[in-house]
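A.B. asks: Got a predicted model here, sequence first, then my questions.
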Amino acid sequence: MSPRYRNGTNQAGTVIAVVADIMALILGLWILMYLLDANRANSLVQFVHDAAAWLAGWSHDLFTFNEAWARVVAGYGLAAVVYLFVGHAVANRMHRH
């Protein structure tokens, strides 16, 4: 395999890992903002909430805890862990080849 091809694969793997990290960071940031009762009228808080809601659309309200904070932590936290796990697994696989 040519070094040029391998370098491109390594760069793609790095990009995938960085994107997964950013997605998990947004989800973690929303969990933190929710737990700290951030002002939802603030435009940054709204942006983070909208982005996190879109990223965790598949896991939002997956769990039915009685406490709202537990639903947020479990639903958004699961999405963050899955994005980190899958993103880094794909990146590591690309780095090996």
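C.D. replies: Good, I have the coordinates.

A.B. asks: Where in the protein is the helix or strand with the lowest mean pLDDT?
C.D. replies: helix 3-35 (a mean of 86; mean pLDDT, DSSP states H and E).

A.B. asks: which parts of that helix are buried?
C.D. replies: The neighbour-count check on helix 3-35 (16 or more other C-beta atoms under 10 Å) flags 9, 13, 16-17, 20, 23-24, 26-27, 29-31, 33-34 as buried. Yep, even glycine has a C-beta here, placed from its N, CA and C like the rest.

A.B. asks: Out of those residues, the closest to residue 85 would be?
C.D. replies: For the buried residues of helix 3-35, the residue nearest residue 85 by C-beta to C-beta is residue 20; the value is 8.5 Å.

A.B. asks: So the closest one is in contact with residue 84, correct?
C.D. replies: Yes - using C-beta atoms under 8 Å, residue 20 is in contact with residue 84, at 5.7 Å.

A.B. asks: if we can go back for a sec, report the angle between the axes of whichever helix or strand comes after the least confident helix or strand of the chain and helix 3-35?
C.D. replies: For helix 3-35, the succeeding helix or strand toward the C-terminus, using DSSP states H and E, is helix 43-55. Between helix 43-55 and helix 3-35, the angle comes out at 120 degrees (axes from the mean of the first three to the mean of the last three C-alpha atoms, to 10 degrees).

A.B. asks: what packs against helix 43-55?
C.D. replies: Under the contact criterion of 3 or more C-beta pairs under 8 Å, 6 or more residues apart in numbering; DSSP states H and E, helix 43-55 touches helix 3-35, helix 68-96.

A.B. asks: List the residues that contact the residue nearest the centre of the chain.
C.D. replies: Among the residues of the chain, residue 24 comes closest to the average C-alpha position under C-alpha atoms, centre = their mean, at 2.5 Å. Contacts for residue 24 (C-beta atoms under 8 Å, 6 or more residues apart in numbering) come out as 80, 81, 83, 84, 87.

A.B. asks: mind listing what's buried in stretch 71-90?
C.D. replies: 71-80, 82-84, 87-88.

A.B. asks: Tell me the one among these nearest to residue 38.
C.D. replies: Using C-beta to C-beta, the buried residues of stretch 71-90 come closest to residue 38 at residue 72, 12.1 Å.
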